[in-house]
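Enquirer: okay, sequence plus prediction incoming.
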Amino acid sequence: MTDNNAFPLQVRILDPRIGDTIAMPEYATTGSAGLDLRACLDSALTLHPGETQLIPTGLSIFIQDPSFAAMILPRSGLGHKHGIVLGNLVGLIDSDYQGELMVSCWNRGDTAFTIEVGERIAQLVLVPVVQAKFEIVQEFTATERGSGGFGHSGRT
Ligand SMILES: O=c1ccn([C@H]2C[C@H](O)[C@@H](COP(=O)(O)OP(=O)(O)OP(=O)(O)O)O2)c(=O)[nH]1
Ligand SMILES: [Mg+2]
């Protein structure tokens, strides 16, 4: 379901089960923003309440272009219904990272949850990135907000 304008992403398959008994990450629908990542485990893994485990995906990606990054985000259903979210809340994949994609799974709920081999545990989203270069100034040009934040504009 990938169109020809899609970003060409280099992928290395580190575990031979990927593309065989464990599907390659894919966009579930043509409009999906995220590629579902699967647990490349040797056996099912039970996450007890409060527990966090680093789960391999069996593949690595090389984004190469520093004007892009990837983010690993929780799956809504797992997070909302089962309390399975990410131990780092969001995973950020640098454009120069070439190691295995790992997913930190955290059971923030109060019941145990078993992750099956090949289960879709999180999703990978490619995002554009702008790197900053600092320009040191003495004052900023005044704005309506100024330095007001953290609820400064009220609640309604
Ligand atoms: O959920 C994640 C988060 C990160 N990474 C990989 C890719 C990323 O490029 C690298 C470093 O991540 P990050 O910069 O967030 O972690 P760090 O603690 O700052 O480590 P480092 O010192 O290696 O940058 O780890 C993952 O595989 N999964
Ligand atoms: Mg870092």
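Expert: Received, thanks. Numbers count the residues shown, from 1 in each chain. Ligands and ions are numbered 1, 2, ... in the order given.
Enquirer: only C-alpha atoms from now on, for both contacts and neighbour counts.
Expert: OK.
Enquirer: find the residue closest to the residue in the chain positioned nearest to ligand 1 in space, skipping its chain neighbours.
Expert: Residue nearest to ligand 1 within the chain: residue 91 (3.4 Å; C-alpha to the nearest ligand atom). Computed as C-alpha to C-alpha, 6 or more residues apart in numbering, the closest residue to residue 91 that is not its neighbour in sequence is residue 72, at 4.6 Å.
Enquirer: distance of the one you found from residue 4?
Expert: Distance of residue 72 to residue 4, given as C-alpha to C-alpha, to the nearest Å: 23 Å.
Enquirer: between these two, which one's more packed in?
Expert: Comparing residue 72 with residue 4 by other C-alpha atoms under 10 Å, the one with more neighbours is residue 72, at 25 against 7.
Enquirer: looking at it, the more buried one is touching residue 123, isn't it?
Expert: Yes - with contacts counted by C-alpha atoms under 8 Å, residue 72 reaches residue 123, the gap being 5.5 Å.
Enquirer: what parts of this protein come near ligand 1?
Expert: Contact residues, the chain versus ligand 1 (C-alpha under 6 Å from any ligand atom): 72, 91-94, 97, 101-104.
Enquirer: tell me the buried residues within those.
Expert: 72, 91, 93-94, 101-104 (16 or more other C-alpha atoms under 10 Å).
Enquirer: quick one: stretch 107-119 to chain centroid distance?
Expert: With C-alpha atoms, centre = their mean, to the nearest Å as the basis, stretch 107-119 stands 17 Å off its chain's centre.
Enquirer: show me which positions of it end up buried.
Expert: Buried-residue list, stretch 107-119, by 16+ other C-alpha under 10 Å: 107-109, 112-113, 115-119.
Enquirer: how long is that stretch from one end to the other?
Expert: Across stretch 107-119, first to last residue, C-alpha to C-alpha, it's 15 Å.
Enquirer: same question, stretch 78-91
Expert: Terminal residues of stretch 78-91 are spaced 16 Å apart (C-alpha to C-alpha).
Enquirer: appreciated, that's everything.
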